[in-house]
Every structure is written in structure tokens, then in C-alpha cells.
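**Q** any chance you can model this:
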Amino acid sequence: MAKAPESVLKKQAAQAKIAADALVAAKAAKKLHRANKKAFATRGAEYAAEYKATEKAAIDARREAKAKGGYFVPQEPKLCFVIRIRGIIGVSPKAKKIMQLFRLRQIHNGAFVKLNEATIRMLRLIEPYVTYGYPSLKSVKSLILKRGFGKINKQRIPIGENAVITEGLKVDGIDCVDDLIHEIYTVGDNFKQANNFLWTFKLSSPSGGFSSKTKLLHFLEGGEAGARGEEINKLIAKMI
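**A** Residues are numbered from 1 along each chain as shown. From the prediction side, this is the model:
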């Protein structure tokens with residue numbers, strides 16, 4: 001029987017090595033996925049316990065203050081969610097620049113904003129064109145899980161797998177969806193990187209839309225614009 005040419009034997013050997021390496025890599029990836037899945041589940045349970053403990057502490061403090069005849073003063077909110085509700089007509093250059101900084105370039109765009117003295121002043125300047133308030137944990141979860149897209153190489157990638165977060169964010173301690181939600185909701189040390197990783201939320205028009213008359217009025221006057229506190233959560237639910 002004729003022996004195969006040396007070039008063919010080399011090619012077969014190279015292909016066999018590639019196949020063997022691929023099998024080893026696949027097994028290692030499967031093992032890592034199992035380990036990560038277990039670690040992420042544990043982390044998610046820890047976050048759930050943390051949220052529950054924080055909520056319980058607030059309730060206990062409120063009850064204690066009431067029992068002593070005093071008032072419970074909650075902590076100042078650190079996070080708000082802003083939704084653009086008006087177009088470009090009549091927008092002043094300053095307001096337009098602020099909305100660009102907040103990445104609100106189109107109607108029904110939404111974004112998380114860390115509250116501090118500077119951002120509060122900017123929000124007041126753009127009140128006629130946006131509505132904003134304090135998102136609940138449920139709203140943060142819903143936004144990220146249902147409308148969340150990550151930014152990888154300037155591309156809009158759906159957050160369907162934890163690998164998207166690991167690859168796109170590259171921040172220690174933020175490796176899965178639960179980590180990302182926790183970082184945003186608690187306004188952690190890496191909030192800026194986490195928020196920049198999230199693509200601007202593209203929300204749907206609420207059922208019935210915004211009336212052209214109510215859009216021009218402040219929320220406190222029965223309109224849609226401006227600060228609406230925790231009532232923002234009802235609007236988010238309608239627009240997801």
C-alpha cells in the first residue's frame with residue numbers, strides 16, 4: 001500500500017492537534033461556565049438578602065421614630081432615571097448640551113443619572129423637556145433585563161449573556177447581570193463605568209402617548225415634565 005505524502009501526513013497531524021486543542025478548550029469552558037453559574041447564583045442570593053435587609057432597616061427605623069413621636073427622614077436618593085419627552089423644537093443650546101451629556105438625544109430615550117449638586121442643577125435646567133424620578137429596585141431590574149443593551153466596540157449588543165458584561169465592562173467585581181444591577185441601584189464605586197457601558201434605553205411610548213398639552217406642564221401641575229419622585233416607576237412600567 002502506497003504511503004501518503006509527507007505533506008498530507010503533516011496536514012492530518014495538524015488537524016488532529018487542532019481538534020484535540022478545541023476539545024480541551026471546550027471542556028475547560030464548560031467547567032468554567034458551571035463554576036461561574038454557581039458563583040453568580042450565590043452572589044445573586046447575597047444581593048437579594050442585602051436588599052431585603054436594607055428595606056427592613058428602613059421600616060424598623062420608621063416605626064421606631066413613630067413610636068417615639070418623631071419623624072423618620074430617609075436618606076437622600078443617589079440615583080434617578082431621566083426620560084426625554086420632548087423633541088428639539090424650542091430647545092435652548094444649553095439645555096441641548098445637557099441632554100447630550102445625559103445621552104438623551106431622542107424622544108423616549110432614558111438614562112440613569114447619579115444625583116449630586118451638579119447633576120441636580122442640570123436636571124432643573126432641562127425640566128421642560130424631560131421627566132425624572134427615583135427608580136425602584138424593580139424598575140432598575142426591569143430596565144436592564146428587558147431593555148438593556150451593552151456597548152462593545154461602539155456597537156449596541158443585547159445583554160443576553162453574562163459574557164457580554166464581562167467582555168464589555170471589564171471591571172473587577174462586575175461579571176454578571178446581578179452585579180450590574182447592584183452597581184447601578186446602589187450607585188457603587190464603579191457606577192460611572194457601569195452606566196457608560198449601558199446603551200441609552202430606548203423606551204416605547206406609554207399607552208395613549210403624551211398629550212401635547214400635558215407635556216408642556218410640570219408634573220406638579222398635572223402635566224408630564226419635571227421631577228415626579230417615586231411616581232417615575234409607574235411611567236417606566238408603561239414604557240418598557
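**Q** okay, CA-based contacts and neighbour counts for the rest of this
**A** Noted.
**Q** pull out the buried positions in the strand or helix carrying residue 196.
**A** For residue 196, the element it lies in under DSSP states H and E is helix 191-197. Neighbour counts over helix 191-197 (16 or more other C-alpha atoms under 10 Å) mark 191, 194-195, 197 as buried.
**Q** domain map for this structure?
**A** 1-75, 79-239 (automatic domain parsing).
**Q** least reliable of those by average pLDDT, please.
**A** Looking at the domains of the chain, the lowest mean pLDDT belongs to domain 1-75 (a mean of 76).
**Q** tell me the one among the buried residues of helix 191-197 nearest to residue 39.
**A** residue 194 (20.2 Å; C-alpha to C-alpha).
**Q** contacts only, for that closest one.
**A** Contacts for residue 194 (C-alpha atoms under 8 Å, 6 or more residues apart in numbering) come out as 169, 180, 183-184.
**Q** give me the beta-bridge partners of the residue nearest to residue 102 when sequence neighbours are not counted?
**A** Excluding its sequence neighbours, the residue lying closest to residue 102 (C-alpha to C-alpha, 6 or more residues apart in numbering) is residue 111, at 6.9 Å. Going by DSSP bridges, residue 111 is paired in beta bridges with residue 82.
**Q** wait, isn't residue 111 in contact with residue 99?
**A** No: applying C-alpha atoms under 8 Å, one finds residue 111 not in contact with residue 99, separated by 10.3 Å.
**Q** ranges for the strands of this structure?
**A** 79-84, 109-114, 130-133, 149-152, 155-158, 201-202, 226-227 (DSSP state E).
**Q** give me the contacts around the last one.
**A** Strand 226-227 is touched from outside by 124, 127-133, 218-219, with contacts defined as C-alpha under 8 Å, 6+ apart.
**Q** and which of those is nearest to residue 173?
**A** Once C-alpha to C-alpha is applied, the member of the contacts of strand 226-227 that ends up nearest residue 173 is residue 133, at 27.7 Å.
**Q** any idea how far residue 15 is from the closest one?
**A** Taking C-alpha to C-alpha, to the nearest Å as the measure, residue 133 falls 59 Å from residue 15.
**Q** which of the two has more residues huddled nearby?
**A** residue 133 (21 against 12; other C-alpha atoms under 10 Å).
**Q** helices of this protein, start to end?
**A** In the chain, helices defined by DSSP state H lie at 6-67, 93-101, 117-125, 137-147, 162-169, 177-185, 191-197, 232-239, listed in chain order.
**Q** can you say which of these is packed in most?
**A** helix 177-185 (a mean of 21; mean count of other C-alpha atoms under 10 Å).
**Q** which outside residues touch that one?
**A** 40, 43-44, 47, 79, 137, 140-141, 144-145, 162, 165, 173-174, 188-191, 194-195.
**Q** residues in contact with the residue nearest to residue 102?
**A** Here residue 111 is in contact with 81-83, 102-104, 200-201 (C-alpha under 8 Å, 6+ apart).
**Q** which one of those is nearest to residue 8?
**A** Once C-alpha to C-alpha is applied, the member of these that ends up nearest residue 8 is residue 200, at 53.7 Å.
**Q** is it true that the closest one touches residue 103?
**A** Yes: using C-alpha under 8 Å, residue 200 is in contact with residue 103, at 6.5 Å.
**Q** neighbour-wise, which of the two wins?
**A** Shown here are residue 200 and residue 103; by other C-alpha under 10 Å, residue 200 has more neighbours (23 against 18).
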